[in-house]
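Engineer: need a structure here:
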Amino acid sequence: MYKYSNKNAEIYSKLGIEGTTYEPGFAKAKKMFGNLSGKKVLDFGSGSGRTAKLLLSFGAKEVIGVDHNQSMIDQANKQDTKNAKFFLIDNKIPFDKNTFDAAFCAHVMVEVNSFKKIEQIISEIYRKVISKLLISY
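Structural biologist: The predicted model follows:
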């Protein structure tokens, strides 16, 4: 998986959404999830926290972001995102089964170098979610 330096993570945190490759995935999320009012949502591959803001704007009561890169977690924690928390992970998501009402994973799989690892990631996310799951490669 790709590792972001502190400088690259800071630059990434300042990117917008419109006109980027993130826009289609985020538009799909809006259509699929609609209103997340009162839901606890897993943001897998949370990066610098942009997706957490998006999920909160859909009404999520709480967003838990997880990422494998400490530089991205550091940037996410600098964001003004009430009701969002960010955690560094390795292979396992440190929460019990069925902890989340929904999960979002966008633009993560393009950084994974094997189908076996992709299957492991999807299985791990699925174990943590009760209902909705949206994964965008």
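Engineer: Tell me where the chain has strands.
Structural biologist: Remark: strands assigned in the chain by DSSP state E are 40-44, 62-67, 84-88, 100-106, 129-136.
Engineer: and the third one, what's its mean pLDDT?
Structural biologist: Summarised as a single mean, pLDDT over strand 84-88 is 96.
Engineer: now it: how far from the chain's centre is it?
Structural biologist: Taking the mean of its C-alpha atoms, strand 84-88 sits 10 Å from the chain's own mean (C-alpha atoms, centre = their mean, to the nearest Å).
Engineer: thinking again about what came up before, reformat the strands of the chain as CSV; add mean neighbour count and distance to residue 50.
Structural biologist: For the C-beta atoms, the positions are set from N, CA and C on the backbone; glycine is no exception. Below are the strands of the chain laid out as CSV (neighbours: other C-beta atoms under 10 Å; distance: least, C-beta to C-beta, whole Å):
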stretch, mean neighbour count, distance to residue 50
strand 40-44, 24, 10
strand 62-67, 25, 10
strand 84-88, 17, 11
strand 100-106, 24, 10
strand 129-136, 16, 14
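Engineer: weakest of the ones you listed in terms of mean pLDDT?
Structural biologist: Per-stretch mean pLDDT for the strands of the chain is lowest at strand 129-136 (a mean of 57).
Engineer: Pretty sure residue 104 sits against residue 56.
Structural biologist: No. Assessed by C-beta atoms under 8 Å, residue 104 is found out of contact with residue 56, at 11.6 Å.
Engineer: Would you mind putting the strands of the chain into a markdown table with distance to residue 94 alongside?
Structural biologist: Converted to a markdown table, these look like this (distance: least, C-beta to C-beta, whole Å):
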| stretch | distance to residue 94 |
| --- | --- |
| strand 40-44 | 11 |
| strand 62-67 | 8 |
| strand 84-88 | 6 |
| strand 100-106 | 12 |
| strand 129-136 | 15 |
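Engineer: Indicate which one of the ones you listed is closest to residue 22.
Structural biologist: Closest to residue 22 of these is strand 100-106 (C-beta to C-beta; 7.1 Å).
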